[in-house]
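Asker: coords please:
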Amino acid sequence: MNLAFLLFEYFPYGGLQRDMLAIAEAAVARGHRVTVFTRAWHGEAPQGPALETVPVGGASNHARDAAFAAAMGERLAGFDRVVGFNKMPGLDWYYAADGCLAERYRGLKRWLPRYRSKLAMEAAVFGAGADTGILSISPRQRALYQRHYGTADARFLDLPPGIRRDRLLPEDFPLRRARLRTELGVAETTPMLLFVGSGFRTKGLDRAIRALAGLADDVRLFVVGDDDAGPYERLAGRLGVSSRVRFMGGQDNVPEWLWAADLLLHPAYAENTGTVLLEAAIAGLPVLTTSACGYAGYVRDAEMGAVLDDPSPEALTAAASELLTRPRALWRERGRTFADSADIYSLVEHAVDAIEAAPAGEAPHQEAP
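Answerer: Got it, this is the predicted structure:
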């Protein structure tokens, strides 16, 4: 089959971007031709899928997104399936990694140009009159889409998580843990907190830093992610913890960080899924997160940490203190049990299976008018 994958912008440390590339590479491995269309690609070109950048004009992100969607219409003739990883018209399948905007955009702001444009793109996918198939990765977000748009059940395919097995705790875990901590200058007895994510605002980095300020002076926080650190460096300065927070930028060796740390802090305000929660769990690392994360239920059910609803800094500090007191061996054992028993690895395979089949009620792709 000849497949078109559409993505507004690629950068190497985004979860959506990693999922797109993994699905594209798996489709190529099955013998399909995949072309990835994007208006901007940052990082190394993909191996296997073809890449076409489609530069477009526009004074704002939403204007450039709309221009990209419009430009794609005439390019899609001849493709058997068109798979979108952002919301836009003309898709056969949409990979639903982003949350429901109709739930978030309320009141008068819905009529501002930026929000009108984004909501129109969302309605083109989820509206009751549309026929796009939806690869759903969050039951909670699926329910919101259906409440706002009346999207038929038959258009959804629910995918399991797609956790990479290289996050599993290796046999030489103590050696690899010690090696990275030595490189960082962190003693084994020093509590090491980890924050992973490239969306500092929505993933709650401010909450993490405020929680750190209430913990003992020897606790350290390492931030792994590609985002603007300036506001958070200033927050750390105001709270007197600048020397205890280190911003490491985007990293390719995420498993090593999971094995080296003592607690993952992920106090997100909004998170469709939260893949890193499951990555930490199978790495034997306890998790402190919020119920705003779609995958928080896995953490709760596996007893791999704590899930708070709308936490104050004091609540986060208290929970972190309690989790850090428990033996590391306990978390490693629970993590191994969870890794062996949970269906959390097959998202990519299920997604390619779906793409190979036409969405419910759909014929193979026809060019959008």
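Asker: Tyr295 contacts Asn272, correct?
Answerer: No - taking Cβ atoms under 8 Å as the definition, Tyr295 is not a contact partner of Asn272, at 9.1 Å. C-betas here are computed from N, CA, C, even on glycine.
Asker: spell out which residues are contacts of both of these two.
Answerer: Taking Cβ atoms under 8 Å, 6 or more residues apart in numbering as the contact rule, Tyr295 and Asn272 touch no residue in common.
Asker: ok, the nearest residue to Arg165 once chain neighbours are set aside - contacts?
Answerer: With Cβ to Cβ, 6 or more residues apart in numbering as the criterion, Arg165 has its nearest non-adjacent residue at 6.4 Å, and that residue is Tyr345. For Tyr345, the contact set (Cβ under 8 Å, 6+ apart) comprises Pro160, Pro161, Gly162, Ile163, Arg164, Arg165.
Asker: and Lys118, by the same measure?
Answerer: Lys118 makes contact with His62, Asp65, Lys87, Leu101, Tyr105, according to Cβ under 8 Å, 6+ apart.
Asker: for Phe68, see how far away the first one is.
Answerer: Per Cβ to Cβ, to the nearest Å, His62 is found 11 Å from Phe68.
Asker: Ala358 should be in a helix, yeah?
Answerer: No - assessed with DSSP: H, G, I helix; E, B strand; the rest coil, Ala358 is coil; it does not lie in a helix.
Asker: I'd like to know how many residues surround it.
Answerer: Neighbours of Ala358 under the rule other Cβ atoms under 10 Å: 16.
Asker: what about the stretch 51-200 of the chain, any weak spots by pLDDT?
Answerer: For the stretch 51-200 of the chain, not a single residue meets the criterion pLDDT under 70.
Asker: can you map out the helices along it?
Answerer: 61-72, 101-104, 113-126, 139-149, 173-184 (DSSP state H, counting those that start in this stretch).
Asker: would you turn those helices into CSV with distance to Ala280?
Answerer: Below are those laid out as CSV (distance: least, Cβ to Cβ, whole Å):
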stretch, distance to Ala280
helix 61-72, 31
helix 101-104, 27
helix 113-126, 31
helix 139-149, 20
helix 173-184, 14
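Asker: quick one, which of the ones you listed is nearest to Asp301?
Answerer: helix 139-149 (14.1 Å; Cβ to Cβ).
Asker: any idea how far that closest one is from the middle of the chain?
Answerer: From the chain centre to the centre of helix 139-149 is a distance of 18 Å (Cα atoms, centre = their mean, to the nearest Å).
Asker: so that helix versus helix 113-126, what angle?
Answerer: 100 degrees (axes from the mean of the first three to the mean of the last three Cα atoms, to 10 degrees).
Asker: mind listing the strands for the stretch 151-300 of the chain?
Answerer: 156-158, 192-196, 220-224, 245-249, 263-266, 287-290 (DSSP state E, counting those that start in this stretch).
Asker: alpha carbons only: can I get the last one in PDB?
Answerer: So that's strand 287-290. Written as PDB, here are the backbone C-alpha positions of strand 287-290 (Å, rounded to 0.1, in the frame of the first residue of the first chain):
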ATOM      1  CA  VAL A 287       6.000   7.700  39.900                       C
ATOM      2  CA  LEU A 288       4.300  10.700  41.500                       C
ATOM      3  CA  THR A 289       1.700  12.000  39.100                       C
ATOM      4  CA  THR A 290      -1.800  13.500  38.800                       C
END
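Asker: that strand: how far from the chain's middle?
Answerer: Using Cα atoms, centre = their mean, the offset of strand 287-290 from its chain centre is 15 Å.
Asker: per-residue pLDDT, the residue nearest to Ala306 when sequence neighbours are not counted?
Answerer: Computed as Cβ to Cβ, 6+ apart, the closest residue to Ala306 that is not its neighbour in sequence is Ala319, at 4.6 Å. In this model, Ala319 is scored at 98, pLDDT.
Asker: could you do Gln366 as well?
Answerer: 42.
Asker: just the one 3 residues further on next, same as before
Answerer: Pro369 is assigned a predicted lDDT (pLDDT) of 32.
Asker: what of Asp19?
Answerer: 94.
Asker: counting neighbours, what do you get for it?
Answerer: For Asp19, using other Cβ under 10 Å, the count is 22.
Asker: distance check, it against Ala96.
Answerer: From Asp19 to Ala96 the distance is 11 Å (Cβ to Cβ).
Asker: now Ile137
Answerer: Ile137 is 6 Å from Ala96, by Cβ to Cβ.
Asker: next one: Val54
Answerer: 23 Å.
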